[in-house]
Structure formats: structure tokens, C-alpha cells
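Engineer: No sequence on hand, only this structure:
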DNA sequence: GTACGTGCAAATATTTTGCAGCAGT
DNA sequence: ACTGCTGCAAAATATTTGCACGTAC
């Protein structure tokens, strides 16, 4: 064989999408990414953004989040971490807590469901929205 | 005043939707609920199902889940609990672990984000899908 | 009787996909 | 050169909404 049939090509589009996603901590939507990437690759299509997000997710280079909304958000951080979702402004932030790995084993052992990983999200009000509430 | 302007009416449609949702533990989609409710209220529309699901969610009678998919699933259990998502067949199950309340306070105190509640999901392979893998 | 709820259908919003040509390796 | 990738546009999926009529309270 001359090459891996499942190989991935690092096209300009793919690299820019990944760069933009890694350069923000705003957990953006596909459409936001599309608008940003368009500044650098003007003729890119939204379909290409979605296709690349899927490939990057399958490669494990990015994460897809869909908490509390009908659309997905994306995260360029590959290390597993927790999130905070503001119920008022829909902003998502990172929560820097140590992951508890033993909880996965506990579920696997007691329920018989094979756990690969877990996700934990906190819902509430972010500092900005909490301040606005108090001002009223 | 003669009545509360924000009062909710318990229509036949709303009651049947709630009953069907409480009678299953399959965490169904809006469309599945629509098909089930249609057997009892044949002329109900999908729009009515969605409108009622929103009202019931805002009242706190049901929960909306959107883990690992582009569509929502609904849960008639009002007490907070954790979920397991099968990455292969997309089935969602309940995880009966005691909730840790102190973790909310820990996030609120250390990050300054006001936490109302948290959600925890485990991702992996359910017993059925694990068995199929081993059979191959 | 009032105003919230409903059925219907059209509109939105988000994501996916067929296809012919382009480009990374 | 081979095959994955792209742009484009249309399709598919999921959810929301305007409107005239219906019904719970």
C-alpha cells in the first residue's frame, strides 16, 4: 500500500478552522466559526465548516457540546474538563475542577454499563448576569 | 382580580402528553411523544406537542435533555438525577447515584458563578451494545 | 366572557448531502 | 495520480410561529 486509506488531509480550510477554534475560549457555534474563518478563507462554505468539525471531532482534536440549546457549540480543548452554562445569556465557561475518574468505574461496576468518559455541567447565572439582577 | 394572568390550563392534550411522558423511562423525543399521544388524541398537532413541552418544562414538571445529539429528549422525572448515554445506539438510561450538592457550592465559592444545579452524564456502551461487540 | 390553547400550515433554524471540479500527499 | 476535500445549492431534520377558531376556567 502507498498510503492509509483513512488518512486525513490538512487542508487550508481545516487548519484555519482548528486555529480559530483553539484561539478562542468562547465555545462558539458552527455559524460563528464560519464567519470568523471567512475572513481568512473568504470562499469557504458553511458545509465545509460542518464537515471539518465532524472530522476533527472524530479525530479527537475538538469536542462538540450541546447543553441547553438546540444547536451545537465546539471546544478546541482536547483535555476533558467541565463546563458552566449561564441560563440567562447562554454563555459557556470552563470549570477547572479535577476530574473524578473513579466515578466512571463506580458506574461501570454497579450498573454494567461500560463507561468511556463523563461530562459534568453546572447551570446557573454567570457573574455578569448576577450583577445585572442585583442592579434591578 | 378574577384569575392569575399567568395561569396554566390543564387541557386534554397537555394532560395526555404529561401522562405518556411519565409512563415511560425511555427519555423520548418530541416526535415519539407525538406518535404516542396521537393514539389518544388523534387530531393533536406536532406544534402543540412542542408548545406543551415548553410550558411543562418552564413549570418544572419535566426536564429537557440534549446530550450528544441535535434533537431534544424529554424526561418526566422531576427529581434531579444522572444519565447514561450509549454512544452506539443513542439510548439514554438513568443513573441512580446520590447527587453531590456540595460540588455546586464549591464552584460558586471558587469561581463566582452562581450555580443553581448541575448535570452529570456518562458516555459509553450499554449492555446490549457491549454484548454485540464481544460477539463479533 | 376572557384569554390561553389548539390545529394547520408556513416559516425558521440547524445540519447534512449530491455532485462536479480542486488539491494534498 | 489517487482520493479525500471543496464550493455550491438543494435537501433533510428539528423546532417555532401566525392566525382563526376552540375551550378551560
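Structural biologist: Nice, thanks for sending it over. Quick caveat: nothing in here was measured; it's all calculated off a predicted structure.

Engineer: where exactly do the helices run in chain A?
Structural biologist: Assigned by DSSP state H, chain A shows helices spanning A:12-22, A:30-38, A:46-59, A:102-111, A:127-135.

Engineer: Tell me the buried residues in the fourth one?
Structural biologist: When you say that, I think you mean helix A:102-111. A:103-104, A:107-108, A:111 (16 or more other CB atoms under 10 Å in any protein chain shown). Glycine gets a C-beta too; all of them are placed from N, C-alpha and C.

Engineer: Tell me the helices and strands packed up against the longest strand seen in chain A.
Structural biologist: The longest strand of chain A (DSSP state E) is strand A:114-125. Contacts defined by 3 or more CB pairs under 8 Å, 6 or more residues apart in numbering or on different chains; DSSP states H and E place strand A:114-125 against strand A:82-86, helix A:102-111, helix B:102-111, strand B:114-125.

Engineer: mind putting the ones you listed in JSON lines, distance to DNA strand C included?
Structural biologist: Conversion of the helices and strands packed on strand A:114-125 to JSON lines gives the following (distance: least, CB to the nearest atom of the strand, whole Å):
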{"stretch": "strand A:82-86", "distance to DNA strand C": "16"}
{"stretch": "helix A:102-111", "distance to DNA strand C": "26"}
{"stretch": "helix B:102-111", "distance to DNA strand C": "26"}
{"stretch": "strand B:114-125", "distance to DNA strand C": "17"}
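
Engineer: ok, how many other residues are close to residue A:57?
Structural biologist: Burial measure for residue A:57: 15 neighbouring residues, criterion other CB atoms under 10 Å in any protein chain shown.

Engineer: what's the helix or strand of chain A with the lowest mean pLDDT in contact with?
Structural biologist: Using mean pLDDT, DSSP states H and E, the weakest-scoring helix or strand in chain A turns out to be helix A:127-135, at a mean of 83. With contact meaning CB atoms under 8 Å, 6 or more residues apart in numbering or on different chains, helix A:127-135 is reached by A:86, A:88-89, A:91, A:125, B:112-114.

Engineer: Show the buried residues in these.
Structural biologist: A:86, A:125, B:113-114.

Engineer: what would those look like in a markdown table with pLDDT and distance to residue A:58?
Structural biologist: Conversion of the buried ones among the contacts of helix A:127-135 to a markdown table gives the following (pLDDT from 0 to 100; distance: CB to CB, whole Å):
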| residue | pLDDT | distance to residue A:58 |
| --- | --- | --- |
| A:86 | 91 | 29 |
| A:125 | 91 | 35 |
| B:113 | 90 | 31 |
| B:114 | 92 | 36 |
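
Engineer: ok, those residues vs residue A:20, which is closest?
Structural biologist: residue A:86 (22.6 Å; CB to CB).

Engineer: and chain A, which residues reach chain B?
Structural biologist: Residues of chain A lying close to chain B (CB under 8 Å from any CB of the partner chain) are A:66-72, A:84, A:86-87, A:93, A:95, A:97, A:103-104, A:106-108, A:111-127, A:130.

Engineer: distance of the residue of chain A found nearest DNA strand C from residue A:53?
Structural biologist: Sorted by distance to DNA strand C under CB to the nearest atom of the strand, the residues of chain A start with residue A:47, at 2.6 Å. Separation of residue A:47 from residue A:53 (CB to CB, to the nearest Å): 11 Å.
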